[in-house]
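[1] Quick check, what structure comes out for this input:
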Amino acid sequence: MVPLIITLLVISCLGVIVTVLLQEGKSAGLSGAIAGGAEQLLGKQKARGIDALLHRLTIGFSVAFFILTVLLGYFL
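    The predicted structure is shown next:
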């Protein structure tokens with residue numbers, strides 16, 4: 001059981017890394033972080049196409065990583 005969890009954990013870890021690196025930056029510098037954060041908070045921009053897919057994949061891989069890490073801690 002533990003080798004299977006470790007294998008799935010490595011796959012989810014690599015998935016998180018790849019999907020985060022493929023995503024396009026949302027802001028430029030410190031001023032973009034301040035102004036862009038307000039726009040993102042208010043929901044004026046909706047991700048479409050590949051950005052939305054990468055966002056969903058990142059969430060999925062992150063949840064899988066969290067669950068598999070807890071399971072690995074339980075079985076070890």
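[2] Once you drop chain neighbours, what's closest to Leu22?
    For Leu22, the nearest residue in space outside its immediate sequence neighbours is Leu54; the separation is 5.7 Å by Cβ to Cβ, 6 or more residues apart in numbering. The C-beta positions use only the backbone N, C-alpha and C, and glycine is treated the same way.
[3] now for the helix or strand hosting the one you found, which elements pack on it?
    In the assignment (DSSP states H and E), Leu54 maps to helix 50-75. Taking 3 or more Cβ pairs under 8 Å, 6 or more residues apart in numbering; DSSP states H and E as contact, the helices and strands that helix 50-75 lies on are helix 2-22.
[4] I'd like the distance from the helix it packs on to the chain centre, please.
    In terms of Cα atoms, centre = their mean, to the nearest Å, the gap separating the centre of helix 2-22 from the centre of its chain is 11 Å.
[5] Give me the contacts around it.
    Applying Cβ atoms under 8 Å, 6 or more residues apart in numbering, the external contacts of helix 2-22 come out as 54, 57-58, 61-62, 64-65, 68-69, 71-72, 75-76.
[6] cool, stretch 51-63 as well?
    Looking at what lies outside stretch 51-63 - Cβ under 8 Å, 6+ apart - the contacts are 12, 15-16, 19-20, 22-24, 46-47.
[7] Drop anything exposed from the residues you listed.
    Of all these considered here, the ones buried according to neighbour count by 16 or more other Cβ atoms under 10 Å are 12, 15-16, 19.
[8] would a markdown table of the residues you listed with distance to Leu4 be doable?
    As requested, the buried ones among the contacts of stretch 51-63 are arranged in a markdown table below (distance: Cβ to Cβ, whole Å):
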| residue | distance to Leu4 |
| --- | --- |
| Ser12 | 13 |
| Gly15 | 16 |
| Val16 | 19 |
| Thr19 | 22 |
